[in-house]
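K.L.:
The amino acid sequence is not available; the structure is as follows:
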């Protein structure tokens with residue numbers, strides 16, 4: 001299967017596509033698709049990289065991923081634990097070119113605009129969870145009504161962006177494969193000392209070419225990306241592993257200097273590691 005572009009499987013002529021993923025881990029290849037994606041995480045947790053940002057997702061979260069926004073899921077794999085995601089896919093023109101321009105949908109426009117960068121909503125309320133759980137057995141008409149109910153709720157909810165930067169061009173298959181190799185290597189080896197020589201070699205590029213290539217596509221340097229991966233992992237450990245000290249977590253996440261770890265953590269989370277732990281345990 002090609003990394004870019006990714007085709008959403010369709011059944012019949014229904015413009016609204018429902019998909020249920022029940023896997024040990026969600027699809028873990030960097031990809032993009034024309035359809036806007038609204039996903040409810042019923043079970044599982046992990047990280048999602050979208051555009052230029054890494055975010056944690058947990059059971060009960062809802063993610064909205066915009067049209068052609070590059071993204072990849074990285075599930076936290078645990079023994080005897082299955083991840084479950086219920087998703088709706090649609091495009092701006094699925095229901096007719098001017099459907100979302102009707103005055104009825106004026107309040108939904110900001111959400112559709114926000115979807116370009118993607119966003120996440122934590123801890124969906126019970127009524128919205130019920131909407132998603134009804135989708136599987138619903139007929140086309142009922143599914144469409146549930147979709148409108150979900151959009152209405154999204155339009156009144158507090159959201160957190162998934163990405164701050166949009167690469168305006170569609171990424172080619174070769175680019176997608178190269179970025180996937182880089183992401184996979186970082187996610188597997190972030191706790192180690194990754195050098196520019198090493199990662200450029202992994203990408204089959206010179207150091208200068210790789211730095212330009214990565215910056216253009218993510219709007220950040222490779223080492224900024226690496227720091228963000230490490231900090232996200234540290235945040236997860238701070239929340240879930242009370243027995244580990246801050247120093248131990250820093251070392252597990254690839255930081256050899258505790259002062260540097262504390263400084264970078266506060267830059268990205270606006271809290272010190274200890275403050276973050278206190279709020280999230």
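P.N.:
Received the coordinates, thanks. Just so we're clear, the structure is a prediction, and the values are computed from it rather than from any experiment.
K.L.:
so what's residue 183 up against?
P.N.:
30, 49, 72 (Cβ atoms under 8 Å, 6 or more residues apart in numbering). Bear in mind the C-beta positions are built from the backbone N, C-alpha and C, glycine included.
K.L.:
Domain-wise, how is this structure divided?
P.N.:
Domain ranges of the chain: 16-161, 173-280, per the TED database.
K.L.:
how long is the longest one from one end to the other?
P.N.:
End-to-end distance of domain 16-161 (Cα to Cα, to the nearest Å): 24 Å.
K.L.:
Any stretches of the chain with poor pLDDT?
P.N.:
Filtered on pLDDT under 70, the chain yields the residue ranges 1-12, 166-171.
K.L.:
Mind jotting down where the helices sit in it?
P.N.:
For the chain, helices defined by DSSP state H occupy the ranges 109-114, 126-134, 140-154, 173-189, 196-202, 207-218, 222-240, 246-252, 258-269, 273-280.
K.L.:
residues making contact with the first one?
P.N.:
Contact partners of helix 109-114, identified using Cβ under 8 Å, 6+ apart, comprise 36, 64, 92, 100, 151, 154, 155, 159, 161.
K.L.:
ok, so of these, who is nearest residue 55?
P.N.:
residue 161 (8.8 Å; Cβ to Cβ).
K.L.:
hmm, back to that, return the members of the contacts of helix 109-114 classed as buried.
P.N.:
36, 64, 92, 100, 151, 154, 155, 159 (16 or more other Cβ atoms under 10 Å).
K.L.:
quick one, which residue of the chain lies the farthest from its center?
P.N.:
residue 103 (31.2 Å; Cα atoms, centre = their mean).
K.L.:
Now do the contacts for that residue.
P.N.:
Here residue 103 is in contact with no residue (Cβ under 8 Å, 6+ apart).
K.L.:
Likewise for the one 4 residues further on?
P.N.:
The neighbourhood of residue 107, defined by Cβ under 8 Å, 6+ apart, consists of 152, 155.
K.L.:
one step back: any chance of the buried ones among the contacts of helix 109-114 in a markdown table with distance to residue 259 as columns?
P.N.:
Below are the buried ones among the contacts of helix 109-114 laid out as a markdown table (distance: Cβ to Cβ, whole Å):
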| residue | distance to residue 259 |
| --- | --- |
| 36 | 43 |
| 64 | 38 |
| 92 | 48 |
| 100 | 50 |
| 151 | 47 |
| 154 | 41 |
| 155 | 44 |
| 159 | 34 |
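K.L.:
Among those, which are located in strands?
P.N.:
36, 64 (DSSP state E).
K.L.:
related to what we said a few turns ago, can I get the contacts of helix 109-114 in JSON lines with distance to residue 178?
P.N.:
Putting the contacts of helix 109-114 into JSON lines (distance: Cβ to Cβ, whole Å) gives the following:
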{"residue": "36", "distance to residue 178": "26"}
{"residue": "64", "distance to residue 178": "27"}
{"residue": "92", "distance to residue 178": "29"}
{"residue": "100", "distance to residue 178": "35"}
{"residue": "151", "distance to residue 178": "36"}
{"residue": "154", "distance to residue 178": "34"}
{"residue": "155", "distance to residue 178": "37"}
{"residue": "159", "distance to residue 178": "31"}
{"residue": "161", "distance to residue 178": "26"}
